[in-house]
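Enquirer: Generate a structure from the sequence data that follows.
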Amino acid sequence: MSDGFDVVSEAAIRDGTATDAYFLRTEETLEAADRNPRVVAEVTQDQFPTGEFDLLAGLKDAARLLEGLPIDVDAMREGQLFDGGPVMRIEGDYLDFARYETSLLGFLSHQSGVATAALEARRAAPDSSVLSFGARHVHPAIAPMVERGALVGGFDGISHVAAGEVLGREASGTMPHALVIAFGDQEAAWEAFDETVDPEVPRIAICDTYSDEKDESVRAAEALGDALDGVRLDTTSSRRGDFRHIVREVRWELDARGHDDVEIFVSGGLGPADLRELRDLADGFGVGGHVSNADPLDFALDIVEVDGELVAKRGKLSGKKAVFRTPDGGHHVGLADRADPEGGEALLEPLIRDGELVREFDVDAAAERALADAEAVGFRDET
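Expert: Residues are numbered from 1 along each chain as shown. From the prediction side, this is the model:
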């Protein structure tokens, strides 16, 4: 037993021991039988379209895992929406990649779930600033995965410092309730922050620690004057009441006193429905658990050809497949050697050729793709 943190090392992921035991026993058995078939394997969630799209993420780590193996891999683009059929196809000798299945599916399943939830929130408030506040809900070792998934889903920023260093992004964030409590006085805390923290950091005062939101918001505006950029309301749900009414009150009182340039930011257990309700009042949102606690997508990897012959386990579809975005925003799944749908855009593209990674990754490009694709397919459209 290790005396350190309960974290699997990168070395274990790369050498394939971060896997389920039965894959290593499968290796042992096939090697003893001198059998190593040439296979086509596909990563899928649903076999046929269901009408419910999800967002593909985690592909960068998946590609790094498979890079260097003597295999060919095709995959959809990071930030692409899909609805049934394969998101990735692997062709090669089975023993060259068998032990990596567990980590491969983990990379894709978890971040795709996170990114899909982020896109739901982003679509709920398309004109607002939306930041990821959910790192505190997950194991710190996977905070970069959560923050990257949020960015792929279209979020404007992240809060986790170490994750930002991994991703090359500066973390956002101003002050918690703990700062006010440590001073024991709201004005003292706001003023100390303003006097201490880098001027480039926005002055966003937390305004619901001891008294009601409109009282503290007005006091913050009076204490900091023109230095105040905004107020943040993070009221616990047990004291929140009609949150929309509270935000309207705060806006009214600030405007009435000539502080119409002070923005209002809202956080605390928010999901897409809350963002839709408040988006006309609040300038920005911090979204945490809805994204960080999202269920992973239920991807599976299945062999669909062995030595050129069609095969499939019960409940799965045999044969190498292709997927397409149709002109009407639909998702089409078909056998790869059959006619393409008229006007369809093929979504599976080369990712690895004979072990060499042939694609680059850019989180901003993935986010742009996700937002454009969401518009095209009507992802989670609600009034």
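
Enquirer: any chance you could map the strands in the stretch 101-250 of the chain?
Expert: Here the stretch 101-250 of the chain has its strands, by DSSP state E, counting those that start in this stretch, at 129-132, 157-158, 204-206, 230-233.

Enquirer: Tell me, how many residues neighbour Cys199?
Expert: Careful, residue 199 is Pro; it's not Cys. Using other CB atoms under 10 Å, Pro199 has 8 neighbouring residues. In short, each C-beta sits where N, CA and C put it, glycine included.

Enquirer: can you redo the strands of the stretch 101-250 of the chain as CSV with mean neighbour count?
Expert: Converted to CSV, the strands of the stretch 101-250 of the chain look like this (neighbours: other CB atoms under 10 Å):
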stretch, mean neighbour count
strand 129-132, 23
strand 157-158, 23
strand 204-206, 25
strand 230-233, 25
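
Enquirer: Save those strands as TSV, and put in mean pLDDT and distance to Asp83 too.
Expert: Formatted as TSV, the strands of the stretch 101-250 of the chain follow (pLDDT from 0 to 100; distance: least, CB to CB, whole Å):
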stretch	mean pLDDT	distance to Asp83
strand 129-132	98	24
strand 157-158	98	28
strand 204-206	97	39
strand 230-233	97	37
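
Enquirer: do you know which of these lies nearest Leu55?
Expert: Nearest of the strands of the stretch 101-250 of the chain to Leu55, taken as CB to CB: strand 129-132 at 14.8 Å.

Enquirer: Figure out how far the closest one is from the centre of its chain.
Expert: Here strand 129-132 is found 12 Å from its chain centre; the criterion is CA atoms, centre = their mean, to the nearest Å.

Enquirer: Equivalent analysis for stretch 100-118, please.
Expert: Worked out by CA atoms, centre = their mean, stretch 100-118 lies 9 Å from the chain centre.

Enquirer: Stretch 328-347 too?
Expert: In terms of CA atoms, centre = their mean, the centre of stretch 328-347 is found 27 Å from the chain centre.

Enquirer: got it, and stretch 187-196?
Expert: The answer for stretch 187-196 is 34 Å, by CA atoms, centre = their mean.

Enquirer: and Ala273, how many neighbours?
Expert: 12.

Enquirer: Tell me how far it lies from Ala124.
Expert: Counting by CB to CB, to the nearest Å, the gap between Ala273 and Ala124 amounts to 7 Å.

Enquirer: Please name the nearest non-neighbouring residue to Ala370.
Expert: Using CB to CB, 6 or more residues apart in numbering and skipping the chain neighbours, the partner closest in space to Ala370 is Gly79 (4.0 Å).
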